[in-house]
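1. build me a model from this:
(one chain, ligands or ions: 1)
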Amino acid sequence: MKIGFIGLGIMGRPMALNLLRAGHQLTVWARRAESMQPLLDAGASAAASPAALAEVADVVISMVADAPDVEQVMLGEQGVASAGRPGLIAVDMSTIRPAAARAMAAHLLARGIDFLDAPVSGGEVGAIAGTLSIMVGGGVAAFETVRPAFACMGHNIVHVGDSGAGQVAKAANQIVTGVGVLTVAEALNFAARSGVDPARVREALLGGFAYSKILENHGQRMLDRNFKPGFKSWMHQKDMNIVMQSAHELGLCLPVSAATAQMYNAMVGSGLGEEDSIAILKLLERLSGVDS
Ligand code: NAP
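-> As a prediction, the model looks like this:
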């Protein structure tokens, strides 16, 4: 398949590399030339703009940051839509508001371009291993066309429903993971402040109902005090904001998500935005009078 890829950061770079390794013909574009270099070294071609990339691709994938970034690369000047021909499939794998994904689908469809929202879960580790969970919203025919490409990047590939449904699933995922990271940090901080080794507490909890991948992986990274992103805190703030905005639109009560969203606001406000979301442990420690 001829694939164009835009957004070669922590997630996009390994995802694009996996497409290349599987034998797809890959063209990349990034606003900074150095972001493209690892892909060019591995055999990808470079395009001069998203529009130039759309001219040579059957499927264009974006993995950028937030909705304004997706709008810029898809609909902006020199964007995918300005050159994309009918039959092209645009796939956004970033995490954005469901309503923004639905609006994007409508804009692109008016130009004969199909659009799938296909956000992911599994983090940098899953992106490198090609084991992401991919949650897809949009037409079934476009989904079936792109499925072989998804299979190079993920293991659990679910067509969730119509446009925006993938982003609804991802927002639900971020409720579970956002709250989960906070509760694991709380439990480890509680153990440490109680004078008990948090590593032994984690080990004990792993065998019972408190087991989770978050306790296993992120809990270990908290113990190692490895706050290198990973998943930047400002990105998780963005995602909790998506959850709260959607709840507001629906008139929905999400009390635990609301409290968690406040904690991610505080992380960004206190200068932890560029650190991994597990640095929420540092915030809890500061609030508990622990030097970190
Ligand atoms: P990242 O490392 O910051 O990478 C984002 C990439 O997008 C960067 O290379 C950036 O280019 C590019 N970009 C952003 N805005 C752009 C724009 N307006 N025009 C062109 N390029 C633009 O972020 P990431 O961690 O890979 O996350 C990407 C998306 O995946 C986000 O929506 C995030 O919420 C989601 N996600 C992340 C994880 C994770 O664990 N990291 C897991 C699941 C989902 P520059 O290099 O020029 O800045």
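2. partners of the top strand by length along the chain, with directions?
-> Identified as the longest strand of the chain according to DSSP state E is strand 154-161. Using DSSP bridges, strand 154-161 pairs in its sheet with strand 132-137 (parallel).
3. kindly export the partner strand (C-alpha atoms) in CSV.
-> The C-alpha coordinates for strand 132-137 follow below in CSV (Å, rounded to 0.1, in the frame of the first residue of the first chain):
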residue,chain,number,x,y,z
LEU,A,132,-1.1,-1.0,20.0
SER,A,133,-4.8,-1.2,20.6
ILE,A,134,-6.4,0.7,17.7
MET,A,135,-10.0,2.1,18.1
VAL,A,136,-11.6,3.0,14.8
GLY,A,137,-14.5,5.2,13.8
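4. run through who's touching it.
-> 15, 93, 98, 101, 116-122, 126, 143, 150, 153-170, 173 (CB atoms under 8 Å, 6 or more residues apart in numbering). Quick note: C-beta positions are derived from backbone N, CA and C, even for glycine.
5. and residue 135, how close does it get to the ligand?
-> Going from residue 135 to the ligand by CB to the nearest ligand atom, to the nearest Å gives 11 Å.
6. buried ones only from the contacts of strand 132-137, please, as a ChimeraX command.
-> Buried residues within the contacts of strand 132-137, by 16 or more other CB atoms under 10 Å, are selected in ChimeraX with:
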select :15,93,98,101,116,117,118,119,120,121,122,126,143,150,153,154,157,159,160,163,164,165,166,167,168,169,170,173
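7. out of the contacts of strand 132-137, who's near the ligand?
-> Contacts with the ligand are made by 120, 121 out of the contacts of strand 132-137, judged by CB under 6 Å from any ligand atom.
8. hmm, who's touching the helix or strand harbouring residue 38?
-> If you go by DSSP states H and E, residue 38 is part of helix 33-41. Contact partners of helix 33-41, identified using CB under 8 Å, 6+ apart, comprise 5, 8-9, 13, 16-17, 20, 26, 28-30, 44, 46.
9. top of these by number of neighbours, please.
-> Compared across these, residue 5 has the highest neighbour count, 32 neighbours, by other CB atoms under 10 Å.
10. part of a strand, is that residue?
-> Yes. Membership of residue 5 in a strand is supported by DSSP: H, G, I helix; E, B strand; the rest coil.
11. that one contacts residue 13, doesn't it?
-> No. Applying CB atoms under 8 Å as the test, residue 5 and residue 13 come out as separate, 9.3 Å apart.
12. still on that earlier bit, tell me how far the helix holding residue 38 is from the chain's mean position?
-> Helix 33-41 sits 21 Å away from the centroid of its parent chain (CA atoms, centre = their mean, to the nearest Å).
13. now the element after it, going C-ward?
-> Past helix 33-41, the next helix or strand by DSSP H and E is strand 45-46.
14. that next one pairs with which strands, and in what direction?
-> strand 25-29 (parallel).
15. need the contact partners of the partner strand.
-> 1-6, 8, 16, 19-20, 36, 39-40, 43-50, 52-53, 56-57.
16. near the ligand, anything from that strand?
-> No. Between strand 25-29 and the ligand, judged by CB under 6 Å from any ligand atom, nothing touches; the nearest distance is 8.1 Å.
17. just want the angle from that strand to helix 33-41.
-> 170 degrees (axes from the mean of the first three to the mean of the last three CA atoms, to 10 degrees).
18. out of the contacts of strand 25-29, which are buried?
-> 1, 3-6, 8, 16, 19-20, 36, 39, 44, 47, 49-50, 52-53, 57.
19. on the three-state scheme, whichever residue of the chain sits closest to the ligand is what?
-> In the chain, the residue that lies nearest the ligand is residue 9 (1.8 Å; CB to the nearest ligand atom). Look at residue 9: counting by three-state DSSP, its state is coil.
20. so it sits against residue 63, correct?
-> Yes. Using CB under 8 Å, residue 9 is in contact with residue 63, at 7.2 Å.
21. in a helix, that's where residue 201 is, yeah?
-> Yes. Checked against three-state DSSP, residue 201 lies within a helix.
22. which residues touch it?
-> Counting by CB under 8 Å, 6+ apart, residue 201 has contacts 187, 188, 191.
23. pLDDT score for it?
-> Here the pLDDT value assigned to residue 201 is 98.
24. which residues of the stretch 151-292 of the chain fall in helices?
-> 165-193, 198-205, 213, 219-224, 233-250, 255-269, 280-287 (DSSP state H, counting those that start in this stretch).
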